[in-house]
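Participant: Predicted model, plus sequence, below.
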2 protein chains.
Amino acid sequence: MPNPLAIPSPELIARLGTIVGPAHALGADDERQAAYLVEPRGKYRGRTPLVLRPGSTAEVAAIAAACNEARVALVPQSGNTGLVGGQTPGEDGAEIVLSLGRLRQIRGVDQARTSMIVEAGLTLAEVRAAAEREGRLFPLSMASEGSCQIGGNLATNAGGVGVLAHGNARQQVLGLEVVLADGRVWDGLRTLKKDNTGYDLRDLFIGCEGTLGIITAAALKLVPRPAEVATAFAALSRLEDVLALFQHAEAMAGGALTAFEFLPRFGIEVVTQHVPGARDPFPDPHPWYVLLDISGSTADGTAERTALTLMAEAAAAGIVADATVADSLARARALWRLREAMSEAQKHAGGSIKHDISVPVPLLPAFIAGAGCVVERVCPGARPMPFGHFGDGNVHYNVSQPRDMDTARFLALWQPMQDAVHGLVVEMGGSISAEHGIGRMKRDELARVKSAVELDLMRSLKAALDPNGILNPGRVL
Amino acid sequence: MPNPLAIPSPELIARLGTIVGPAHALGADDERQAAYLVEPRGKYRGRTPLVLRPGSTAEVAAIAAACNEARVALVPQSGNTGLVGGQTPGEDGAEIVLSLGRLRQIRGVDQARTSMIVEAGLTLAEVRAAAEREGRLFPLSMASEGSCQIGGNLATNAGGVGVLAHGNARQQVLGLEVVLADGRVWDGLRTLKKDNTGYDLRDLFIGCEGTLGIITAAALKLVPRPAEVATAFAALSRLEDVLALFQHAEAMAGGALTAFEFLPRFGIEVVTQHVPGARDPFPDPHPWYVLLDISGSTADGTAERTALTLMAEAAAAGIVADATVADSLARARALWRLREAMSEAQKHAGGSIKHDISVPVPLLPAFIAGAGCVVERVCPGARPMPFGHFGDGNVHYNVSQPRDMDTARFLALWQPMQDAVHGLVVEMGGSISAEHGIGRMKRDELARVKSAVELDLMRSLKAALDPNGILNPGRVL
């Protein structure tokens, strides 16, 4: 184990302020600190003597070197949208926050427009827009893309709605620039498709949640934009039908199936009741809904024809109870809005206990049925709202409070509820964090679900790359 | 630095023999050793006191534990087809060879047939056939697939002809089982599509060339088999046209473009002269040729129509001088045979100095032109035969000897030739080993092309995972 970390001294704080300049060193009494101390849901809230906003990789490197020498903890933060407490400083006020938000350059796009080098502080939406200006697609996409930043997306190996066709963040990256714990900079900004020279350092830093190094820039893969996208929305009676529809869609469309999301009736209810303009696409209520995209590389109507055929065949097979294929971009956006507004709208149903799990896709119906039972046992009357990336086996298994229960009393059940749900996940060979990471929230649980060998391997890597343990301590491990 | 490695004692050799049983411990005087001591080209040839052929992961683990305790070097070997000297024992006779060839179980296929768990010693062809029996595709594919083994494919992050659409070996893996240097076993055999719980250990072992751990089994991704594949062969006048055709094909077919290989006139000449039954598809000679596949998920003729349209448009634009689209499976196989027979047939042109490089795809024409100049400077009259995975930016830049030169004299130019070619690669931001790895052959060169920071990171990881340095020493690092 490394020596214990130190409280930042006034001398260190002054020295760090010199590195970034007074306008970008926010001390404990600076009210601009507020935005960096609490994450949007208010679940994690901390204190810090200093928020640093470096303007360059060199400044990040100088900060790391100084903190490493002084044995002072650094908490890297990008868009501050993480859901597991990885990016907020601890409550003891000893951790310095390192914001990547001022690293906002697009450093370049290669001649063939197959890669783009961007800095960590651009929002995901800005990165996607920059790709679009080049006539290309950066396929990582999620509801928070207007505020989450690419550095954080990569540090947490973010998922989202584009994973089915394109993989998660890791699959979108060709190279990285990383500031190491001791302030050295690893320039791994490669843009080659194939390069078998040495160990895969890139993928070690992606998903390390800031505990092994600080990602300051990345070479991202750009892919062709689809020439056409058909969006379909289907109503289904049973979860088994959702699985059957997925398998049918995959067999028919292959790689052209670019999204396959599912939501429950309860989700459609909260969205249509609380989101202005949101309307149920169907006259009758149905237990389950699927939203899917089929993309095409030529604008010849193949995508729409495939979607229509798929829906017709699924209806004939009794899999789908009702279905619609969007006949305009506006209609497609309205259907997607039903899915994207779900997390927001769920707030209107009171307190919610959230899980981000995955199981093998064929087990999803059994998981959701089983989870319903364990939830009812922990809190009778609680209302599960499972939704998300069915095609990836990834469910946001959120549970809303019983209608008339006190919210605080319900949220006090978070731990037993989570234990029960995760217990089922582990039994089914699933993951207790499919896309949100470990952070502080699931650190103790990680120790329970991983083997001693795996934890020890992780600790060895942490000790090798951050021997003083200054990078995001207490997160992940 | 770890302590120096030890010469295996008679006691250790006896103990190791007990682990695998006498039939599978081949001593220095056992003639069955021969197959393990030299790789097929004869470029690397070594000695060993012992070849071990364990029959289970537990036996591999016991061997590693004993060698680690005794500080004795282990050289893991799978199909023994590696091209950089990674898998043959050294010449000093101090390294023990650990063959994975008896680990040949298919441990299981999941219910949805999206993953298959296989042991390290199955050949790639056997893995592909097993996937096919499930009605699925394992897309890794290369000329040596009849003899290379999946364990070695993963340890070296192998490439091949399926990379364009499916990525190299790394992208085909969901999880691994790895024996660590000290004999502990990491069970990372996960089959989930999404799992963000902790560091990416998997990708550290993939491509480590046996220096960080010994892969004993893997959970492989299976994908849908294409319902149809159209194969086209085109003749082109200029390398710039090859690039233009690639860009046109990618824009038109997107992800349906599943192979894009190129070869030079010289390649067609040696193949048609020396491979029985191989025929030039065109009446006139042309400087360059492209072989491409377009795949479709429904058997409705779309792939063939796309290939025909692509060729017609490219001909109309003056990019393609002549072209043919295979009208039968036999014809498609014959066209592929022209490409696959190239390495073999090149032997008939005398000695060959080989490079496995990549540069950004748009720079390929400039690279090949420039490399022609530097080759001519090192050895006037030498005949470059650049071919390979154009769509990945990966050229097998092989150079055949001048027609009347002494072969040994030509091969003596390997180092200056390689230095000159690799110098150009590095200038262009490319890789000196796109798919074959580092092994012993490029170890010293690695130290020249990597930054001190990157080498130091790699050394830290090696020291963390193999503190005694027993795993494949002197390879990679």
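Facilitator: Happy to help now that I have it.
Participant: neighbours around A:Val84, how many?
Facilitator: Number of residues near A:Val84 (other CB atoms under 10 Å in any protein chain shown) recorded here: 23. (Each C-beta comes from the backbone N, C-alpha and C, glycine too.)
Participant: which element is it on?
Facilitator: Using DSSP states H and E, A:Val84 sits in no helix or strand.
Participant: Kindly report the same for A:Glu376.
Facilitator: Here A:Glu376 is assigned to helix A:364-378, by DSSP H and E.
Participant: From the contact counts, what lies against the next helix or strand after that helix?
Facilitator: Next helix or strand after helix A:364-378 toward the C-terminus (DSSP H and E): strand A:383-389. Strand A:383-389 makes packing contacts with strand A:257-264, helix A:265-274, helix A:342-346, helix A:364-378, strand A:394-400 when contacts are defined by 3 or more CB pairs under 8 Å, 6 or more residues apart in numbering or on different chains; DSSP states H and E.
Participant: ok, now which ones touch A:Gly198?
Facilitator: Counting by CB atoms under 8 Å, 6 or more residues apart in numbering or on different chains, A:Gly198 makes contact with B:Ile438, B:Leu446, B:Lys450, B:Glu454, B:Met458, B:Val476.
Participant: Checking it next. Helix, strand or coil?
Facilitator: For A:Gly198, the assignment made with DSSP: H, G, I helix; E, B strand; the rest coil gives coil.
Participant: What separation do you get for it and A:Val320?
Facilitator: 50 Å (CB to CB, to the nearest Å).
Participant: A:Asp356 pairs with what?
Facilitator: Beta-bridge pairing for A:Asp356 (DSSP bridges): A:His396.
Participant: Return the residues of the stretch 1-150 of chain A in contact with chain B.
Facilitator: A:Asp110, A:Gln111, A:Ala112, A:Thr114 (CB under 8 Å from any CB of the partner chain).
Participant: Now A:Asp182. Nearest residue, chain neighbours left out?
Facilitator: Spatial nearest neighbour of A:Asp182, excluding adjacent residues (CB to CB, 6 or more residues apart in numbering or on different chains): A:Asn68 at 4.9 Å.
Participant: Quickly note the distance from the one you found to B:Arg71.
Facilitator: 33 Å.
Participant: Out of those two, name the residue with the larger neighbour count.
Facilitator: Between A:Asn68 and B:Arg71, A:Asn68 has the larger neighbour count (other CB under 10 Å), namely 21 against 17.
Participant: Any residue of stretch A:418-433 touching chain B?
Facilitator: Yes - Stretch A:418-433 is in contact with chain B by CB under 8 Å from any CB, via A:Gly429, A:Gly430, A:Ser431, A:Ile432, A:Ser433.
Participant: Please report phi then psi for the most centrally placed residue in chain A.
Facilitator: Central residue check for chain A by CA atoms, centre = their mean: the C-alpha nearest the mean position is that of A:Ala158, 3.7 Å away. Dihedral pair for A:Ala158: phi -60, psi 160, per degrees, to the nearest 10.
Participant: how about the residues of the stretch 351-477 of chain A near chain B?
Facilitator: By CB under 8 Å from any CB, the part of the stretch 351-477 of chain A that sits against chain B consists of A:358-363, A:389, A:392-394, A:429-438, A:442, A:446, A:449-451, A:453-454, A:457-458, A:460-461, A:463-465, A:476.
Participant: ok, of those, which come out buried?
Facilitator: The neighbour-count test (16 or more other CB atoms under 10 Å in any protein chain shown) marks A:358-363, A:389, A:392-394, A:430-438, A:442, A:446, A:449-450, A:453-454, A:457-458, A:460-461, A:463-465, A:476 as buried among those.
Participant: mind listing which of those residues are in strands?
Facilitator: If you go by DSSP state E, those have A:Ser358, A:His389, A:Asn394 in strands.
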